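Visitor: starting from these lines, generate the structure:
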Amino acid sequence: MTFFNISKYFKFFIFFLFAATNTAIYAQTDAEEAKLKEFFSIYNYIQQLYVDEVEGDNLFGDAIKGMVNGLDPHSNYLEPSEQKDLVENATGKFGGLGIVITKKDDAIQVISPIDDTPAYRAGIQAGDLIVKIGNSLVSDMTLEEGVELMRGMPETSVELTIVRENTEPFVININREIITIITVKGFLIEKDIGYIRISAFQEPTGELLKSTIEDLNTKNGEHLKSLIIDLRNNPGGTLNGAVDVSNLFIDKEGLVVYTKGRIPSSNTEFETEPGDIMHNRPIVVLINEGSASASEIVAGALQDHSRAIIMGNTSFGKGSVQTVIELRDGFGLKLTTARYYTPSGRSIQAKGIEPDIFLKNINLENEDEQTIANTKEKDLDGHLEVEDPSKLSPDEILQSQENIKEENDNIVIARLKKDYFIHEASNLLKALTILNQ
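Guide: Model (predicted):
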(Lines give C-alpha, C1' and ligand atoms only; values in the text may rest on other atoms or scores of the structure.)
Protein backbone atom coordinates (compact mmCIF):
# COMPACT_ATOMS: atom_id res chain seq x y z
CA MET A 1 0.00 0.00 0.00
CA THR A 2 1.35 3.40 -0.95
CA PHE A 3 1.05 6.25 1.55
CA PHE A 4 1.59 9.91 0.71
CA ASN A 5 4.56 11.84 2.07
CA ILE A 6 3.41 13.03 5.53
CA SER A 7 6.29 15.45 5.99
CA LYS A 8 5.36 17.27 2.79
CA TYR A 9 1.79 17.90 4.01
CA PHE A 10 2.98 18.64 7.52
CA LYS A 11 5.08 21.51 6.15
CA PHE A 12 2.09 22.69 4.07
CA PHE A 13 -0.17 22.67 7.12
CA ILE A 14 2.30 24.74 9.16
CA PHE A 15 2.59 27.20 6.25
CA PHE A 16 -1.22 27.40 6.04
CA LEU A 17 -1.47 28.30 9.71
CA PHE A 18 1.11 31.03 9.29
CA ALA A 19 -0.45 32.49 6.15
CA ALA A 20 -4.04 32.32 7.42
CA THR A 21 -3.52 34.10 10.72
CA ASN A 22 -0.68 36.34 9.56
CA THR A 23 0.98 35.89 12.96
CA ALA A 24 4.31 34.50 14.06
CA ILE A 25 4.38 30.77 14.80
CA TYR A 26 5.31 29.92 18.34
CA ALA A 27 7.84 27.21 19.09
CA GLN A 28 6.11 23.84 19.05
CA THR A 29 6.68 21.20 21.64
CA ASP A 30 7.53 17.63 20.71
CA ALA A 31 4.08 16.54 21.93
CA GLU A 32 2.34 19.04 19.64
CA GLU A 33 4.44 17.97 16.67
CA ALA A 34 3.56 14.33 17.38
CA LYS A 35 -0.15 15.20 17.47
CA LEU A 36 0.08 16.99 14.12
CA LYS A 37 1.80 13.95 12.61
CA GLU A 38 -0.98 11.79 14.03
CA PHE A 39 -3.53 14.09 12.42
CA PHE A 40 -1.96 13.64 9.00
CA SER A 41 -1.66 9.91 9.54
CA ILE A 42 -5.45 9.76 10.06
CA TYR A 43 -5.91 12.05 7.05
CA ASN A 44 -3.85 9.57 5.04
CA TYR A 45 -5.93 6.56 6.16
CA ILE A 46 -9.16 8.35 5.16
CA GLN A 47 -7.75 9.26 1.74
CA GLN A 48 -6.56 5.71 1.09
CA LEU A 49 -9.18 3.51 2.77
CA TYR A 50 -12.49 5.35 3.11
CA VAL A 51 -15.29 3.76 1.07
CA ASP A 52 -15.83 6.91 -1.03
CA GLU A 53 -13.26 9.30 -2.41
CA VAL A 54 -13.05 12.46 -0.30
CA GLU A 55 -11.66 15.81 -1.41
CA GLY A 56 -8.64 16.88 0.63
CA ASP A 57 -9.97 20.44 0.93
CA ASN A 58 -13.18 19.12 2.49
CA LEU A 59 -11.24 17.09 5.02
CA PHE A 60 -9.11 20.06 6.01
CA GLY A 61 -12.19 22.27 6.26
CA ASP A 62 -14.02 19.76 8.46
CA ALA A 63 -10.95 19.33 10.66
CA ILE A 64 -10.62 23.09 11.19
CA LYS A 65 -14.34 23.42 11.92
CA GLY A 66 -14.16 20.67 14.51
CA MET A 67 -11.14 22.29 16.16
CA VAL A 68 -12.77 25.74 16.35
CA ASN A 69 -16.29 24.60 17.20
CA GLY A 70 -14.93 22.61 20.13
CA LEU A 71 -13.73 25.80 21.83
CA ASP A 72 -17.09 27.38 22.70
CA PRO A 73 -20.53 27.92 21.07
CA HIS A 74 -19.55 31.29 19.56
CA SER A 75 -16.24 30.49 17.84
CA ASN A 76 -16.63 29.38 14.22
CA TYR A 77 -14.69 28.72 11.04
CA LEU A 78 -16.63 30.72 8.50
CA GLU A 79 -17.33 29.81 4.89
CA PRO A 80 -17.34 32.81 2.51
CA SER A 81 -21.17 32.89 2.61
CA GLU A 82 -21.12 32.92 6.41
CA GLN A 83 -18.59 35.74 6.42
CA LYS A 84 -20.96 37.67 4.17
CA ASP A 85 -23.88 36.94 6.52
CA LEU A 86 -21.99 38.55 9.40
CA VAL A 87 -21.78 41.80 7.46
CA GLU A 88 -25.48 41.63 6.53
CA ASN A 89 -26.49 41.05 10.15
CA ALA A 90 -24.54 44.11 11.29
CA THR A 91 -26.32 46.29 8.73
CA GLY A 92 -29.74 44.99 9.80
CA LYS A 93 -30.85 43.25 6.59
CA PHE A 94 -30.63 39.54 5.79
CA GLY A 95 -32.67 36.62 4.54
CA GLY A 96 -34.17 33.98 6.77
CA LEU A 97 -36.60 33.38 9.63
CA GLY A 98 -35.51 35.98 12.18
CA ILE A 99 -34.15 34.01 15.14
CA VAL A 100 -30.91 34.23 17.09
CA ILE A 101 -29.63 30.75 17.93
CA THR A 102 -26.83 28.76 19.52
CA LYS A 103 -25.93 25.07 19.64
CA LYS A 104 -26.96 23.18 22.78
CA ASP A 105 -26.07 19.49 22.99
CA ASP A 106 -27.89 17.74 20.11
CA ALA A 107 -30.27 20.62 19.40
CA ILE A 108 -30.27 24.26 18.29
CA GLN A 109 -31.46 26.55 21.07
CA VAL A 110 -33.34 29.76 20.34
CA ILE A 111 -31.82 32.67 22.25
CA SER A 112 -34.63 34.92 21.05
CA PRO A 113 -36.87 35.64 18.07
CA ILE A 114 -36.36 39.02 16.41
CA ASP A 115 -39.34 41.37 16.53
CA ASP A 116 -41.67 41.47 13.51
CA THR A 117 -40.08 38.52 11.71
CA PRO A 118 -41.57 35.21 10.49
CA ALA A 119 -40.23 33.36 13.56
CA TYR A 120 -41.68 35.98 15.92
CA ARG A 121 -45.10 35.85 14.25
CA ALA A 122 -45.05 32.03 14.24
CA GLY A 123 -44.71 32.02 18.02
CA ILE A 124 -41.08 30.87 18.37
CA GLN A 125 -39.94 31.60 21.94
CA ALA A 126 -36.64 32.11 23.75
CA GLY A 127 -35.48 28.74 25.07
CA ASP A 128 -37.16 26.66 22.34
CA LEU A 129 -35.06 23.75 21.08
CA ILE A 130 -35.03 23.00 17.35
CA VAL A 131 -34.45 19.25 16.92
CA LYS A 132 -35.30 18.86 13.21
CA ILE A 133 -35.10 21.15 10.19
CA GLY A 134 -37.27 19.65 7.50
CA ASN A 135 -36.40 15.94 7.57
CA SER A 136 -32.86 16.51 8.86
CA LEU A 137 -31.94 15.84 12.49
CA VAL A 138 -30.11 18.74 14.11
CA SER A 139 -28.01 16.26 16.10
CA ASP A 140 -26.28 15.29 12.85
CA MET A 141 -25.26 18.84 11.86
CA THR A 142 -23.22 21.82 12.99
CA LEU A 143 -24.77 25.14 13.91
CA GLU A 144 -23.62 26.59 10.59
CA GLU A 145 -25.28 23.77 8.64
CA GLY A 146 -28.49 24.41 10.59
CA VAL A 147 -28.39 28.10 9.72
CA GLU A 148 -27.81 27.23 6.07
CA LEU A 149 -30.91 24.98 6.03
CA MET A 150 -33.10 27.61 7.67
CA ARG A 151 -32.05 30.35 5.28
CA GLY A 152 -33.27 30.48 1.71
CA MET A 153 -35.16 32.42 -0.92
CA PRO A 154 -38.03 34.65 0.26
CA GLU A 155 -41.52 33.12 0.03
CA THR A 156 -40.15 29.58 0.42
CA SER A 157 -40.97 27.66 3.59
CA VAL A 158 -39.11 25.55 6.11
CA GLU A 159 -40.47 23.09 8.68
CA LEU A 160 -39.04 23.17 12.22
CA THR A 161 -39.66 20.54 14.89
CA ILE A 162 -39.67 22.29 18.26
CA VAL A 163 -39.19 20.97 21.79
CA ARG A 164 -40.50 23.34 24.46
CA GLU A 165 -40.54 22.87 28.21
CA ASN A 166 -43.80 21.33 29.53
CA THR A 167 -45.07 20.87 25.95
CA GLU A 168 -45.18 17.93 23.56
CA PRO A 169 -42.82 18.34 20.55
CA PHE A 170 -44.57 20.14 17.71
CA VAL A 171 -43.92 21.25 14.14
CA ILE A 172 -44.04 24.83 12.83
CA ASN A 173 -43.98 25.71 9.14
CA ILE A 174 -42.48 29.16 8.55
CA ASN A 175 -42.22 31.18 5.34
CA ARG A 176 -38.84 32.82 4.81
CA GLU A 177 -38.59 36.57 4.25
CA ILE A 178 -35.98 39.23 3.68
CA ILE A 179 -35.43 40.31 7.27
CA THR A 180 -35.05 44.05 7.75
CA ILE A 181 -34.71 44.97 11.39
CA ILE A 182 -36.07 48.21 12.81
CA THR A 183 -34.09 48.22 16.03
CA VAL A 184 -35.85 51.04 17.91
CA LYS A 185 -39.56 51.71 18.42
CA GLY A 186 -41.12 54.19 20.81
CA PHE A 187 -44.60 54.79 22.22
CA LEU A 188 -46.15 57.14 24.72
CA ILE A 189 -47.67 54.67 27.20
CA GLU A 190 -49.49 57.50 28.95
CA LYS A 191 -48.84 61.13 29.79
CA ASP A 192 -45.16 61.66 30.75
CA ILE A 193 -44.19 57.94 30.51
CA GLY A 194 -42.28 56.86 27.41
CA TYR A 195 -41.71 53.30 26.28
CA ILE A 196 -38.73 52.32 24.09
CA ARG A 197 -38.31 48.86 22.58
CA ILE A 198 -34.76 48.05 21.38
CA SER A 199 -34.82 44.73 19.51
CA ALA A 200 -31.12 44.58 18.54
CA PHE A 201 -27.98 46.72 18.64
CA GLN A 202 -26.49 47.97 15.40
CA GLU A 203 -24.22 50.88 14.52
CA PRO A 204 -27.04 53.46 14.14
CA THR A 205 -29.07 52.30 17.18
CA GLY A 206 -27.85 55.13 19.44
CA GLU A 207 -28.89 57.82 16.98
CA LEU A 208 -32.23 56.11 16.35
CA LEU A 209 -32.89 56.00 20.10
CA LYS A 210 -32.05 59.67 20.50
CA SER A 211 -34.42 60.73 17.72
CA THR A 212 -37.16 58.41 19.03
CA ILE A 213 -37.02 60.02 22.49
CA GLU A 214 -37.15 63.46 20.88
CA ASP A 215 -40.30 62.40 19.00
CA LEU A 216 -41.89 61.14 22.23
CA ASN A 217 -41.08 64.46 23.92
CA THR A 218 -42.91 66.24 21.11
CA LYS A 219 -45.95 63.92 21.38
CA ASN A 220 -45.96 64.43 25.15
CA GLY A 221 -46.02 68.23 24.79
CA GLU A 222 -43.03 68.47 27.16
CA HIS A 223 -40.02 66.42 28.19
CA LEU A 224 -40.83 62.90 29.37
CA LYS A 225 -40.77 62.51 33.15
CA SER A 226 -39.81 58.83 33.02
CA LEU A 227 -38.82 56.10 30.57
CA ILE A 228 -39.12 52.33 30.13
CA ILE A 229 -36.39 50.69 28.03
CA ASP A 230 -37.43 47.18 26.98
CA LEU A 231 -34.48 44.85 26.28
CA ARG A 232 -36.37 41.59 26.70
CA ASN A 233 -35.44 38.98 24.08
CA ASN A 234 -32.85 41.37 22.65
CA PRO A 235 -30.01 39.07 21.49
CA GLY A 236 -27.40 41.83 21.35
CA GLY A 237 -25.44 43.07 18.35
CA THR A 238 -22.57 45.52 17.96
CA LEU A 239 -20.52 46.70 20.92
CA ASN A 240 -20.50 50.28 19.61
CA GLY A 241 -24.29 50.30 19.51
CA ALA A 242 -24.45 49.25 23.17
CA VAL A 243 -21.89 51.86 24.22
CA ASP A 244 -23.71 54.62 22.30
CA VAL A 245 -27.04 53.73 23.93
CA SER A 246 -25.54 53.64 27.43
CA ASN A 247 -23.87 57.01 26.92
CA LEU A 248 -27.20 58.68 26.21
CA PHE A 249 -28.14 58.28 29.88
CA ILE A 250 -24.92 58.26 31.96
CA ASP A 251 -23.85 61.73 33.09
CA LYS A 252 -20.67 61.04 35.05
CA GLU A 253 -17.13 59.95 34.34
CA GLY A 254 -16.28 56.28 34.33
CA LEU A 255 -16.62 53.20 32.15
CA VAL A 256 -19.48 51.75 30.17
CA VAL A 257 -17.80 48.35 29.82
CA TYR A 258 -14.32 46.86 29.55
CA THR A 259 -12.89 43.66 28.11
CA LYS A 260 -10.11 41.35 29.26
CA GLY A 261 -8.34 38.69 27.22
CA ARG A 262 -4.99 36.89 26.98
CA ILE A 263 -3.23 39.46 24.80
CA PRO A 264 -2.91 43.25 25.34
CA SER A 265 -5.01 44.14 22.28
CA SER A 266 -7.97 42.28 23.83
CA ASN A 267 -7.90 44.53 26.91
CA THR A 268 -9.99 47.59 26.11
CA GLU A 269 -11.97 50.18 28.05
CA PHE A 270 -15.00 52.10 26.79
CA GLU A 271 -15.45 55.34 28.68
CA THR A 272 -18.63 57.26 29.42
CA GLU A 273 -19.42 60.51 27.63
CA PRO A 274 -21.21 62.84 30.08
CA GLY A 275 -24.63 64.02 28.92
CA ASP A 276 -27.99 62.53 29.95
CA ILE A 277 -30.78 62.87 27.41
CA MET A 278 -33.33 62.15 30.17
CA HIS A 279 -31.84 64.74 32.59
CA ASN A 280 -31.64 62.25 35.48
CA ARG A 281 -35.34 61.42 35.32
CA PRO A 282 -36.27 57.84 36.38
CA ILE A 283 -35.59 54.96 34.00
CA VAL A 284 -36.60 51.29 34.24
CA VAL A 285 -34.83 48.71 32.05
CA LEU A 286 -36.66 45.42 31.41
CA ILE A 287 -34.63 42.25 30.83
CA ASN A 288 -35.29 38.50 30.71
CA GLU A 289 -33.52 35.25 29.89
CA GLY A 290 -33.50 36.22 26.18
CA SER A 291 -31.53 39.45 26.81
CA ALA A 292 -27.95 38.77 25.74
CA SER A 293 -24.58 40.30 24.89
CA ALA A 294 -25.00 44.03 24.07
CA SER A 295 -28.28 44.09 26.02
CA GLU A 296 -26.39 42.91 29.09
CA ILE A 297 -23.72 45.57 28.56
CA VAL A 298 -26.37 48.32 28.62
CA ALA A 299 -28.23 46.85 31.61
CA GLY A 300 -24.99 46.32 33.53
CA ALA A 301 -23.68 49.82 32.82
CA LEU A 302 -26.90 51.59 33.83
CA GLN A 303 -27.18 49.38 36.92
CA ASP A 304 -23.58 49.98 38.07
CA HIS A 305 -23.90 53.74 37.55
CA SER A 306 -27.20 53.71 39.52
CA ARG A 307 -28.84 55.29 36.49
CA ALA A 308 -31.70 52.81 36.02
CA ILE A 309 -33.64 50.19 37.92
CA ILE A 310 -33.37 46.79 36.24
CA MET A 311 -36.56 44.71 36.35
CA GLY A 312 -37.44 41.23 35.09
CA ASN A 313 -35.42 38.00 35.08
CA THR A 314 -31.70 37.18 35.02
CA SER A 315 -30.31 37.70 31.52
CA PHE A 316 -28.77 35.10 29.19
CA GLY A 317 -25.12 35.49 30.23
CA LYS A 318 -23.39 35.89 26.87
CA GLY A 319 -20.43 38.01 27.98
CA SER A 320 -17.72 37.03 25.52
CA VAL A 321 -16.08 39.01 22.73
CA GLN A 322 -15.65 37.54 19.24
CA THR A 323 -12.98 38.78 16.85
CA VAL A 324 -13.41 38.06 13.13
CA ILE A 325 -10.15 37.28 11.31
CA GLU A 326 -10.11 37.34 7.51
CA LEU A 327 -8.55 34.25 5.96
CA ARG A 328 -7.74 33.29 2.38
CA ASP A 329 -10.35 33.20 -0.42
CA GLY A 330 -13.11 34.86 1.60
CA PHE A 331 -13.02 32.44 4.53
CA GLY A 332 -13.05 33.78 8.07
CA LEU A 333 -12.39 32.81 11.66
CA LYS A 334 -14.71 34.06 14.40
CA LEU A 335 -12.77 33.52 17.58
CA THR A 336 -13.66 34.31 21.20
CA THR A 337 -10.83 36.57 22.38
CA ALA A 338 -12.05 38.29 25.57
CA ARG A 339 -14.79 38.62 28.18
CA TYR A 340 -16.99 41.61 28.97
CA TYR A 341 -17.00 43.19 32.43
CA THR A 342 -19.41 45.78 33.81
CA PRO A 343 -17.98 49.05 35.22
CA SER A 344 -17.84 47.55 38.74
CA GLY A 345 -15.89 44.51 37.50
CA ARG A 346 -18.68 41.93 37.23
CA SER A 347 -18.21 39.30 34.54
CA ILE A 348 -21.31 38.81 32.40
CA GLN A 349 -20.21 35.47 30.95
CA ALA A 350 -22.38 32.52 32.06
CA LYS A 351 -23.76 34.65 34.91
CA GLY A 352 -25.88 37.30 33.26
CA ILE A 353 -27.24 40.47 34.82
CA GLU A 354 -29.46 40.01 37.84
CA PRO A 355 -32.34 42.49 38.02
CA ASP A 356 -32.85 44.78 40.99
CA ILE A 357 -36.49 43.68 41.02
CA PHE A 358 -37.42 40.14 39.94
CA LEU A 359 -40.75 39.67 38.15
CA LYS A 360 -42.71 36.52 37.37
CA ASN A 361 -44.06 35.92 33.87
CA ILE A 362 -47.66 36.73 34.69
CA ASN A 363 -50.10 37.08 31.79
CA LEU A 364 -52.59 39.94 32.12
CA GLU A 365 -54.30 39.18 28.82
CA ASN A 366 -57.06 36.70 28.05
CA GLU A 367 -57.04 34.64 24.85
CA ASP A 368 -59.17 37.13 22.93
CA GLU A 369 -56.84 39.98 23.80
CA GLN A 370 -53.81 37.95 22.76
CA THR A 371 -55.10 37.85 19.18
CA ILE A 372 -53.81 41.43 18.94
CA ALA A 373 -50.39 39.86 18.33
CA ASN A 374 -51.68 38.34 15.09
CA THR A 375 -53.60 41.37 13.86
CA LYS A 376 -52.83 42.18 10.25
CA GLU A 377 -53.13 45.44 8.34
CA LYS A 378 -56.42 44.41 6.72
CA ASP A 379 -57.97 43.81 10.16
CA LEU A 380 -57.51 47.41 11.32
CA ASP A 381 -60.29 49.97 11.21
CA GLY A 382 -59.55 52.73 8.73
CA HIS A 383 -56.97 50.74 6.81
CA LEU A 384 -56.11 51.82 3.28
CA GLU A 385 -58.14 49.69 0.85
CA VAL A 386 -56.59 48.26 -2.28
CA GLU A 387 -57.57 50.69 -5.01
CA ASP A 388 -56.17 52.60 -7.94
CA PRO A 389 -53.66 55.11 -6.48
CA SER A 390 -54.41 57.48 -9.35
CA LYS A 391 -57.84 58.13 -7.78
CA LEU A 392 -56.21 59.53 -4.63
CA SER A 393 -54.38 62.82 -4.28
CA PRO A 394 -50.96 62.80 -2.58
CA ASP A 395 -52.52 64.49 0.47
CA GLU A 396 -55.26 61.82 0.68
CA ILE A 397 -52.71 59.01 0.46
CA LEU A 398 -50.58 60.64 3.17
CA GLN A 399 -53.62 61.12 5.43
CA SER A 400 -54.71 57.51 4.95
CA GLN A 401 -51.23 56.31 5.87
CA GLU A 402 -51.25 58.51 8.98
CA ASN A 403 -54.63 57.07 10.00
CA ILE A 404 -53.27 53.54 9.64
CA LYS A 405 -50.20 54.38 11.73
CA GLU A 406 -52.29 55.96 14.47
CA GLU A 407 -54.61 52.94 14.53
CA ASN A 408 -51.59 50.61 14.70
CA ASP A 409 -50.06 52.63 17.53
CA ASN A 410 -53.27 52.56 19.54
CA ILE A 411 -53.46 48.76 19.28
CA VAL A 412 -49.81 48.35 20.25
CA ILE A 413 -50.16 50.71 23.24
CA ALA A 414 -53.28 48.85 24.42
CA ARG A 415 -51.33 45.60 24.22
CA LEU A 416 -48.32 47.06 26.03
CA LYS A 417 -50.48 48.21 28.93
CA LYS A 418 -51.56 44.60 29.43
CA ASP A 419 -47.94 43.41 29.61
CA TYR A 420 -47.23 42.60 33.28
CA PHE A 421 -43.58 43.74 33.13
CA ILE A 422 -44.56 47.10 31.61
CA HIS A 423 -47.48 47.43 34.02
CA GLU A 424 -45.14 47.03 37.01
CA ALA A 425 -42.50 49.32 35.49
CA SER A 426 -45.12 52.06 34.94
CA ASN A 427 -46.33 51.84 38.54
CA LEU A 428 -42.76 52.08 39.84
CA LEU A 429 -41.96 55.07 37.63
CA LYS A 430 -45.08 56.91 38.80
CA ALA A 431 -43.95 56.46 42.41
CA LEU A 432 -40.40 57.56 41.66
CA THR A 433 -41.63 60.61 39.76
CA ILE A 434 -43.72 61.69 42.74
CA LEU A 435 -40.74 61.21 45.09
CA ASN A 436 -38.47 63.26 42.82
CA GLN A 437 -40.84 66.24 42.66
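Visitor: residue ranges with poor pLDDT in the stretch 151-300 of the chain?
Guide: Low-confidence regions of the stretch 151-300 of the chain, defined by pLDDT under 70, span residues 180-181.
Visitor: now with 80, please.
Guide: For the stretch 151-300 of the chain, residues meeting the criterion pLDDT under 80 lie at 179-182.
Visitor: can you give me the helices for the stretch 51-200 of the chain?
Guide: Listed in chain order, the helices of the stretch 51-200 of the chain (DSSP state H, counting those that start in this stretch) span residues 56-69, 80-91, 118-122, 143-150.
Visitor: the stretch 201-350 of the chain now?
Guide: 205-220, 239-247, 294-304.
Visitor: name whatever forms a beta bridge with the residue nearest to residue 267 when sequence neighbours are not counted.
Guide: Leaving out its chain neighbours, the residue that sits closest to residue 267 by C-beta to C-beta, 6 or more residues apart in numbering is residue 260, at 5.5 Å. Yep, even glycine has a C-beta here, placed from its N, CA and C like the rest. Judged by DSSP bridges, the bridge partners of residue 260 are residue 339.
Visitor: gap between residue 260 and residue 302?
Guide: Remark: distance between residue 260 and residue 302 (C-beta to C-beta, to the nearest Å) = 21 Å.
Visitor: so for the two, which residue has more residues nearby?
Guide: residue 302 (25 against 14; other C-beta atoms under 10 Å).
Visitor: report pLDDT for that one.
Guide: Per-residue confidence at residue 302 stands at 98 (pLDDT).
Visitor: please apply the same query to the one 3 residues further on.
Guide: According to the predicted model, the pLDDT of residue 305 comes to 97.
Visitor: need phi/psi at it.
Guide: Backbone torsions for residue 305, taken as degrees, to the nearest 10, come to phi -90, psi 10.
Visitor: read off the pLDDT value for residue 376.
Guide: 37.
Visitor: of all the helices of the stretch 51-200 of the chain, which one comes closest to residue 343?
Guide: For the helices of the stretch 51-200 of the chain, distance to residue 343 was read as C-beta to C-beta. The smallest value, 25.3 Å, belongs to helix 80-91.
Visitor: from residue 333, how far off is the residue nearest to residue 267?
Guide: Relative to residue 333, residue 260 is positioned 21 Å away (C-beta to C-beta).
Visitor: likewise residue 239?
Guide: Following C-beta to C-beta, the distance that separates residue 239 from residue 333 is 19 Å.
Visitor: what do you get for residue 237?
Guide: Taking C-beta to C-beta as the measure, residue 237 and residue 333 are separated by 20 Å.
Visitor: next one: residue 134
Guide: Between residue 134 and residue 333 the computed distance is 29 Å (C-beta to C-beta).
Visitor: between the two, which is the more surrounded one?
Guide: Comparing residue 134 with residue 333 by neighbour count (other C-beta under 10 Å), the higher total belongs to residue 333, at 19 against 12.
Visitor: the nearest residue to the more buried one once chain neighbours are set aside: neighbour count?
Guide: Once flanking residues are discounted, residue 333 sits nearest to residue 325: 4.4 Å by C-beta to C-beta, 6+ apart. Burial of residue 325 is recorded as 15 neighbouring residues (other C-beta under 10 Å).
Visitor: please name the residues that touch residue 325.
Guide: With contacts taken as C-beta atoms under 8 Å, 6 or more residues apart in numbering, residue 325 has the following neighbours: 21, 332-335.
Visitor: which of those count as buried?
Guide: Using 16 or more other C-beta atoms under 10 Å as the burial test, the contacts of residue 325 include 332-335 as buried.
Visitor: rebuild those residues as CSV, extending it with pLDDT and distance to residue 103.
Guide: Written out in CSV, the entries for the buried ones among the contacts of residue 325 read as follows (pLDDT from 0 to 100; distance: C-beta to C-beta, whole Å):
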residue, pLDDT, distance to residue 103
332, 90, 18
333, 92, 17
334, 91, 14
335, 93, 16
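Visitor: so which of the residues you listed sit within strands?
Guide: In strands, defined here by DSSP state E, the members of the buried ones among the contacts of residue 325 are 332-335.
Visitor: between those residues, which is closest to residue 46?
Guide: Taking those together and measuring to residue 46 by C-beta to C-beta, the closest member is residue 333, at 23.6 Å.
Visitor: surely the closest one and residue 327 touch.
Guide: Yes: at 5.9 Å, residue 333 counts as touching residue 327 under the criterion of C-beta atoms under 8 Å.
Visitor: ok, which pair from the contacts of residue 325 is furthest apart?
Guide: With distances taken as C-beta to C-beta, the most widely separated pair in these is 21 and 334, at 13.3 Å.
Visitor: domains in the protein, as residue ranges please.
Guide: The chain breaks down into these domains under automatic domain parsing: 6-54, 93-180, 232-358, 367-418.
Visitor: now distance to residue 230 too, for the contacts of residue 325, in TSV please.
Guide: Converted to TSV, the contacts of residue 325 look like this (distance: C-beta to C-beta, whole Å):
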residue	distance to residue 230
21	41
332	33
333	35
334	29
335	32
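Visitor: ok, those vs residue 40, which is closest?
Guide: Nearest to residue 40 among the contacts of residue 325 is residue 21, at 19.5 Å by C-beta to C-beta.
Visitor: check what pLDDT that closest one gets.
Guide: Here the pLDDT value assigned to residue 21 is 43.
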